[in-house]
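S.K.: dropping a prediction and its sequence here:
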Amino acid sequence: MSTSDLLVTPAQRDRAVEILKEMYADGRLDHAEFDTRLELALKARTRAELNSTFDGLVSRPVPTYAPAAFTRPAPVQRYSGDGRGMGTVAHWLGYPTFFVGPAIVVATAGQKNPGVRKHAVEALNFQLSAFGAFALLGIMTGVTEGFTGFLFPILGILWFILTGIGGLATAVGSNFRYPFTLRLIK
């Protein structure tokens with residue numbers, strides 16, 4: 001089976017019609033010849049029949065591909081990088097500074113890079129939630145005369161592990177969200 005025996009697609013017929021219209025617009029075809037060739041192109045079933053509509057006009061056959069649709073390019077982002085480095089720093093600054101370090105990152109580098117801001121705000125909200133949980137547990141321990149004091153190490157270990165996981169997840173490019181977090185800062 002030769003390629004001239006292959007059936008044509010509607011896209012190939014449409015492209016042939018476009019070429020004939022261009023030729024008519026350029027004055028290379030008169031109206032009667034345009035109508036005749038247009039009818040042949042629309043009735044063509046095989047490549048040979050479709051190519052015969054151009055006999056004596058062009059040396060190239062109709063392309064066998066459908067033209068790709070135009071897509072707009074993505075908008076240019078105003079920052080470079082995804083903020084993983086400073087985002088990781090923001091999470092891990094919770095170890096020595098609790099919520100102060102992430103707040104400083106939000107106020108400085110977070111103003112210039114939305115990726116850094118996203119990670120730093122998540123770290124800040126977690127550290128503020130953890131601070132609130134420690135304060136609430138301290139009040140409860142005082143009210144219950146030390147009965148709930150055993151929860152301090154559990155809360156501390158949970159805080160330590162989640163802070164580390166947040167930094168590691170940001171370093172590898174994940175959109176990490178802390179569990180048990182009040183998102184006070186947007």
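M.R.: Right, received. Where do you want to start?
S.K.: a strand runs through D55, doesn't it?
M.R.: No. Per DSSP: H, G, I helix; E, B strand; the rest coil, D55 lies outside any strand segment and is coil.
S.K.: run a quick neighbour tally on it.
M.R.: Neighbourhood size, D55 [other C-beta atoms under 10 Å]: 9. (Each C-beta comes from the backbone N, C-alpha and C, glycine too.)
S.K.: look up how far A41 lies from it.
M.R.: Per C-beta to C-beta, to the nearest Å, D55 is found 12 Å from A41.
S.K.: repeat for P10
M.R.: Taking C-beta to C-beta as the measure, P10 falls 12 Å from A41.
S.K.: mean confidence for the longest helix seen in the chain?
M.R.: Under DSSP state H, the helix in the chain containing the largest number of residues is helix 114-143. Mean per-residue pLDDT for helix 114-143: 92.
S.K.: I'd like the next helix or strand past it.
M.R.: helix 151-171 (DSSP states H and E).
S.K.: for that next one, packing partners?
M.R.: Applying 3 or more C-beta pairs under 8 Å, 6 or more residues apart in numbering; DSSP states H and E, one finds that helix 151-171 contacts helix 84-92, helix 94-97, helix 114-143.
S.K.: any idea how far the residue lying closest to L128 once chain neighbours are set aside is from I154?
M.R.: Spatial nearest neighbour of L128, chain neighbours left out: F99 (5.1 Å); criterion: C-beta to C-beta, 6 or more residues apart in numbering. Relative to I154, F99 is positioned 20 Å away (C-beta to C-beta).
S.K.: ditto for R13
M.R.: Computed as C-beta to C-beta, the R13 to I154 distance reads 72 Å.
S.K.: and if you look at R183?
M.R.: As judged by C-beta to C-beta, R183 and I154 stand 23 Å apart.
S.K.: how about T108?
M.R.: To I154, T108 is 34 Å away according to C-beta to C-beta.
S.K.: got it, and I161?
M.R.: According to C-beta to C-beta, I161 stands 11 Å off from I154.
S.K.: ok now do F180, which residues does it touch?
M.R.: Each residue near F180 by C-beta atoms under 8 Å, 6 or more residues apart in numbering is listed here: S129.
S.K.: repeat the analysis, applying 10 Å as the threshold.
M.R.: Applying C-beta atoms under 10 Å, 6 or more residues apart in numbering to F180 gives the contacts F126, S129, A130, A133, L158, L162.
S.K.: who wins on neighbours among those residues?
M.R.: Counting neighbours by other C-beta under 10 Å, the top entry in the contacts of F180 is F126, with 26 neighbours.
S.K.: how about that residue, nearest residue that isn't a chain neighbour?
M.R.: Spatial nearest neighbour of F126, chain neighbours left out: Y178 (4.1 Å); criterion: C-beta to C-beta, 6+ apart.
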